[in-house]
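> What follows is a predicted protein model with its sequence.
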Amino acid sequence: MSLSPVRRVPAFVPLVLALSATVAAGPLAAAPASPDKLPVTRIRDLSYGDALFYFHQGESFESLTRLAAYSQWGRVPNHEAEAQLLLGGLYLELGLHNEAGERFEKLLTAEVPLAVRNRAWFYLAKVWYVRGYDDRAEQAVRKLAGVLPAELESERMHLLSNVLMRQGRFAEAADLLDGWQGPQDWAAFARFNLGAALIRDNQLDVAARYLNAVGALESEDPELLALRDRANLTLGLAYLQASEAASAKPVLQRVRLDGSYANRALLGAGWAEAELGDYRAALTPWLELKDRSLLDAAVQESFLAVPYAFAKLEAPAQAAEYYESAMQSFTAERERIAQSIERIRNGGLLDGILAREATGGSYGWFWQLKDLPEAPESRYLYTVLAGHDFQEGLKNYRDIVYLETTLDRWSGDFDAYRSMIDTREKAFAARLPRTDALLEQGGVESLGRRRDALESRLNGVEADRDVAALGTTEQREQWARIQRAEQALEAEPAGEDTDALRKRLRLVKGALSWRLAENYRASMFGQRRALREVDGLMRETQDRWERLGRARASAPANTGEFGQRLDASRERLTAMQARLAAAKLRQNQYLAQIAIDELNLQKERLDAYQVQARFALAAIYDRAAAPAPKPAPQFPGPEAPDVDGQRANGGRP
Amino acid sequence: MRNRKTSISARRSVPRIRVADPARQGRWLTALTMAVVAAVLALGGLGARAQGAAVPTAEPPAEAAATDTRGIDEETQQLKKDAIDLNRELFMLEEELLFPANTQVAVFVSMDVGEFFALDSVQMKVDDREVANYLYTEREAEALLKGGVHRVYLGNLKVGEHELVAIFTGKGPNQRDYRRGATMKFVKAVGAKYLELKITDRQRRAQPEFEIKDWE
Amino acid sequence: MALACLALYAIVSAPGDARAAEPSLVGAPAPDFVLRSAAGSNLRLSEQRGDVVVLSFWSSRCNVCRAQLAELDRLYATYRPAGFVVLGVNVDDDVTAAREFAAGQKLQFPLLFDPTKAVARAYRVDALPMLVAVDRFGAVRFLSRNDKPGAAAEYVPALRALIDE
């Protein structure tokens, strides 16, 4: 059977070449971990310290709840600016950019200390960058006056360079990086991003400068080593794509054989050799690759690349063998993938993965999935699960579950609160009439009036020096009788008897006067003191009176209003739980769809490879069946269109 | 080479799902390479911890095809915000209900030590009745060292004079055990009362003591 | 052992305890607690969120408990890297007896002391040994009161399922 493809066979596309473009494309490289520390402050409001207590333990949600509550209650007057900063940071960490932005914007006034303002600008820049407002982000970064602490400074440079790159202002980004003096780890990531962006922009030479810089760096840090590999891989693939295989070779060889980028580098190295015509040399990395796990797309491609090389080396028998074994492996893998898809459709896999968290006790927005469970499906989903879409979706899912469990806690308490409010209501109801009656009497006021009257009497006595007024009852009676007698005697005509009487009366009066005068000072003192004691009592009474009045006034708030708030909250809670459950379900489906889509892609890729293998194999059998002197390179290869012209002489041993 | 790639991409780009991350630039990526791209990104992502601003998670509004994902994402964000707000309302309601300002008394624990000190526990009695007996985990003790303040007790007390007795235990440098106490009489007037139990070695270094501060 | 269980029951239950009417522990968030550990530090349950946690309530006078603790120690060694934590909660009145026992056993996982039995009450422990499995989100997933040898066969698969989650 002669081979004449009915339709154009999907060519054997070296994955690698397409790779080179895509490795450069895609989200910018990650940055090194950088835990942010708040400026150390002296605690002047205990409640602010309370919020910090939870923040330092990584309990962002708890910290946020408390700080927002304390702020609303007005309990952090001495930490207004810092509280807004912390709140903003917590909102940012919990994924609520808008809220975060609002908080930071409030801090941009002159009254706020410069250090805090700078941080606010910095976070705002982050927020805007994340939301895609590049120009605003850039403005914010440039608004920072002075210098931030070292780690934030690096991050600022990194952020600025990202913003510039996203706007396509590569030259400026390059200048920024060239002039960078600070710690090098952020700079390395920024350089990688720049190099990748320049590749996308078709500026390979310039890109090479930066990628080579990263590709040659020395470090012990595993993150940086991985970045180095990635930079070399990116550059190497870019060279391949630009048909500069000779430049690609040494760069690709710099990639570590045991790193995560090794497979693609091996594949690329092979294609570099192939492009230079040395298929025997290409076999070395490809055979190495072929022994690795079939899950990796690069390895899958090697299954086809190896027999391709053998075919090029005029060893059709071996090529055929390899093609056949490749087809078997592909079929088996494909079957496994199909099963996994089924399992996901039935909800199995995802529930497992979603429940499994490696958090270290905290939850938040910057959390990343580190380990994957041992389920059979997870092998295929390495790439998906670690992919950006899935990560974000997973974070949201996790947040929802966390909120659910937190809110669930409250619903248990509602009944208790209800009964507490009811009890209070009853207590109040019982006491209200009494309270009202008492308040009606205006007891305290009348007491006050009486006290005042007494005081003015005393003052009058003092002014008049009315010693008699301060005597004892007995004395006052005596005095009164004396005065009455005096008056009576006045009326009588003078005479011996009356004279004697008058004299006696004068003596008695004198004695009494003297006694009264003697006691006057002490008495006055005593009366004043008594008055002060009365005042003391009055104050206490006044306090109690006011408290009672307040309690009475707030009775509707204490009970009725509380009851309303409670009921309203209970309703909101129930509604919220329903929304959360629905969101969870939606998120679950969304994530499942991502996973299924990815698996479908993998399946299709295997199908495509399967087809290629089949055709290549058929071509080999064809040739074997009808030996022709000239090997017409009919089997698919990357250079198929110009294979006759340029590559035909390649690879002949 | 380029032809083939373009033809493949022309064929493959159609079924690409709308759930694509809008932030990824170049949606012309071929399906064949998507998985590998994801792998590359994944490995980049795995290496990152606090990506923060480095990874955009929301595309500028111009990207129309992103509606699906952004719909869900925005809705989730709104949901998160509402749930957080509700949680705060409940927190406030609970405290106002259980500990109204007039009778509220709050006691806080703070640490200000120069030398290392591992706080183990704090016990408190008010008017001879035990009201708090808190065991501190390492994580919590760290948070105190970093400047956090722990609200160890929140209760209701009548107006008037009360007595607070507090004891803390812990280990200092050289595994030495510490147990110190402090006592204070305070007057509860109208309005919330705050007291701070300060563990401090300001008097003598490496000798933590208890100070009680009354925040009038 | 029966005596110990009865004694525990007497301590843990209160007169008029309408346990049947209480909502089930399973499916609900695990009551949080903090206890002293044999190693000297204090350990709080909620700080283990993210790992699967097994609480094993035991007493030094309960022989079957030893077997469960030993079995759990093996599981702990195997699954710890996957995010699996065992907490042995001792409910003896006398902590010293428990410490001696602990020293003798050489268990790798933390042993916690609950002499006031506040935690035991919160988890409604009415017999020993009792095992409580908490998932990574902090919810109680299942209990095991089986004191027969070979009880492990019953709960180990369930635990593995939780770990795989």
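Everything's here; your move.
> where exactly do the strands run in chain A?
Per DSSP state E, chain A carries no strands over any range.
> centroid residue for it?
Taking C-alpha atoms, centre = their mean, the centroid of chain A lies closest to residue A:93, which sits 1.3 Å from it.
> can you give me phi and psi for residue C:52?
Backbone torsions for residue C:52, taken as degrees, to the nearest 10, come to phi -80, psi 130.
> how many other residues sit next to it?
25 (other C-beta atoms under 10 Å in any protein chain shown). C-beta coordinates here come from the backbone N, C-alpha and C atoms, glycine included.
> Give the bridge partners for it, please.
For residue C:52, the beta-bridge partners are residue C:84 (DSSP bridges).
> Could you tell me which residues make contact with it?
C:79, C:83-85, C:133-136, C:159, C:162-163, C:165 (C-beta atoms under 8 Å, 6 or more residues apart in numbering or on different chains).
> Quick one: name the residues of chain B near chain C.
Neighbours of chain C within chain B, by C-beta under 8 Å from any C-beta of the partner chain: B:120-121, B:134-140.
> So which of those residues are in helices?
The helices, defined by DSSP state H, take in B:138-140 from the residues of chain B next to chain C.
> picking up where we left off before, out of the contacts of residue C:52, flag the one nearest to chain B.
Set against chain B, the nearest of these by C-beta to the nearest C-beta is residue C:85 (13.9 Å).
> Which residues lie in contact with the closest one in this structure?
C:48, C:51-54, C:76, C:109.
> and if you look at residue B:187?
B:160-162.
> that older thread, for ChimeraX, write the select line for the buried members of the residues of chain B next to chain C.
To isolate the buried members of the residues of chain B next to chain C in ChimeraX, using 16 or more other C-beta atoms under 10 Å in any protein chain shown:
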select /B:120,121,134,135,136,137,140
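> Redo the residues of chain B next to chain C as a markdown table? Include pLDDT.
A markdown table is the format used below for those (pLDDT from 0 to 100):
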| residue | pLDDT |
| --- | --- |
| B:120 | 94 |
| B:121 | 94 |
| B:134 | 95 |
| B:135 | 95 |
| B:136 | 96 |
| B:137 | 95 |
| B:138 | 93 |
| B:139 | 94 |
| B:140 | 96 |
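> what's the closest of the residues of chain B next to chain C to chain A?
residue B:139 (5.3 Å).
> check contacts around the closest residue to that closest one other than its chain neighbours.
Nearest residue to residue B:139, sequence neighbours excluded (C-beta to C-beta, 6 or more residues apart in numbering or on different chains): residue A:57, at 5.3 Å. Each residue near residue A:57 by C-beta under 8 Å, 6+ apart is listed here: B:139-140, B:142-143, B:148.
> Can you read off the pLDDT for residue A:57?
Listed pLDDT for residue A:57 reads 92.
> which residues sit in contact with the residue most central in space within chain C?
For chain C, residue C:56 is the residue whose C-alpha lies nearest the centre (C-alpha atoms, centre = their mean; 2.0 Å). Neighbour list for residue C:56: C:65, C:68-69, C:72, C:86-89, C:129-132 [criterion: C-beta under 8 Å, 6+ apart].
> what's the answer for residue A:486, then?
Counting by C-beta under 8 Å, 6+ apart, residue A:486 has contacts A:505, A:509.
> which stretches of the stretch 201-350 of chain A have low pLDDT?
A:347-350 (pLDDT under 70).
> So which residues on it come close to chain B?
A:222-223, A:226-227, A:230, A:233, A:241, A:243, A:260-261, A:264, A:296-298.
> Let me know the closest of these to residue A:429.
residue A:223 (67.0 Å; C-beta to C-beta).
> Show me which residues of the stretch 51-200 of chain A are close to chain B?
So the stretch 51-200 of chain A meets chain B at A:52-57, A:61, A:64-66, A:68-69, A:72-73, A:94-99, A:125-126, A:129-134, A:155, A:158-159, A:162, A:166, A:189, A:200 (C-beta under 8 Å from any C-beta).
> Recalculate using a threshold of 7 Å.
Contact residues (C-beta under 7 Å from any C-beta of the partner chain) of the stretch 51-200 of chain A with chain B: A:52-53, A:56-57, A:64-65, A:68-69, A:72, A:94-96, A:99, A:126, A:129-132, A:158-159, A:162.
> Next, residue B:148: secondary structure please.
coil (DSSP: H, G, I helix; E, B strand; the rest coil).
> Return the residues in contact with it.
A:49, A:52-53, A:56 (C-beta atoms under 7 Å, 6 or more residues apart in numbering or on different chains).
> Likewise for residue A:201?
residue A:170.
> For it, give me phi and psi.
phi -90, psi 10.
> From residue A:173, how far off is it?
Residue A:201 sits 11 Å away from residue A:173, going by C-beta to C-beta, to the nearest Å.
> still on that earlier bit, from the residues of the stretch 51-200 of chain A next to chain B, list just the buried residues.
By 16+ other C-beta under 10 Å, these give A:52-53, A:56-57, A:64-65, A:68-69, A:94-96, A:99, A:126, A:129-132, A:158-159, A:162 as buried.
> Just those: which are in helices?
Reading helices off those with DSSP H, I get A:52-53, A:64-65, A:68-69, A:99, A:126, A:129-131, A:158-159, A:162.
> Take those and lay them out in a markdown table including pLDDT and distance to residue A:589.
Shown next, in a markdown table, are these (pLDDT from 0 to 100; distance: C-beta to C-beta, whole Å):
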| residue | pLDDT | distance to residue A:589 |
| --- | --- | --- |
| A:52 | 95 | 39 |
| A:53 | 96 | 39 |
| A:64 | 93 | 29 |
| A:65 | 90 | 30 |
| A:68 | 94 | 32 |
| A:69 | 94 | 35 |
| A:99 | 84 | 27 |
| A:126 | 84 | 31 |
| A:129 | 82 | 30 |
| A:130 | 75 | 25 |
| A:131 | 72 | 26 |
| A:158 | 86 | 36 |
| A:159 | 88 | 34 |
| A:162 | 88 | 33 |
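> my read is residue B:154 is in a strand, agree?
Yes: counting by three-state DSSP, residue B:154 falls inside a strand.
> just checking, it touches residue B:106?
Yes: counting by C-beta atoms under 7 Å, residue B:154 touches residue B:106, with 5.1 Å between them.
> In contact with the closest residue to chain C within chain B, which residues?
For chain B, the residue closest to chain C is residue B:135, as judged by C-beta to the nearest C-beta, at 4.1 Å. Neighbour list for residue B:135: B:121, C:34, C:36, C:42 [criterion: C-beta under 7 Å, 6+ apart].
> Could you dump these into CSV with distance to chain A added?
Shown next, in CSV, are the contacts of residue B:135 (distance: C-beta to the nearest C-beta, whole Å):
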residue, distance to chain A
B:121, 16
C:34, 13
C:36, 20
C:42, 14
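> In those residues, find the pair that's most separated.
B:121 and C:34 (9.7 Å).
> distance of residue A:173 from residue A:250?
Taken as C-beta to C-beta, the span from residue A:173 to residue A:250 is 27 Å.
> Comparing these two, which residue is more hemmed in?
residue A:173 (25 against 13).
> give the contact list for that one.
For residue A:173, the contacting residues are A:161, A:164-165, A:194, by C-beta under 7 Å, 6+ apart.
> Identify the spatial nearest neighbour of it, chain neighbours not counted.
residue A:164 (4.1 Å).
> List the buried residues in stretch A:488-508.
Here stretch A:488-508 shows A:498, A:502, A:505 as buried, counting by 16+ other C-beta under 10 Å.
> How about stretch A:133-144?
So for stretch A:133-144, counting by 16+ other C-beta under 10 Å, buried means A:133-134, A:136-138, A:140-141, A:144.
> separation between residue A:535 and residue B:189?
18 Å.
> Now do the SS call for residue C:132.
Per three-state DSSP, residue C:132 ends up strand.
> distance of it from chain B?
20 Å (C-beta to the nearest C-beta, to the nearest Å).
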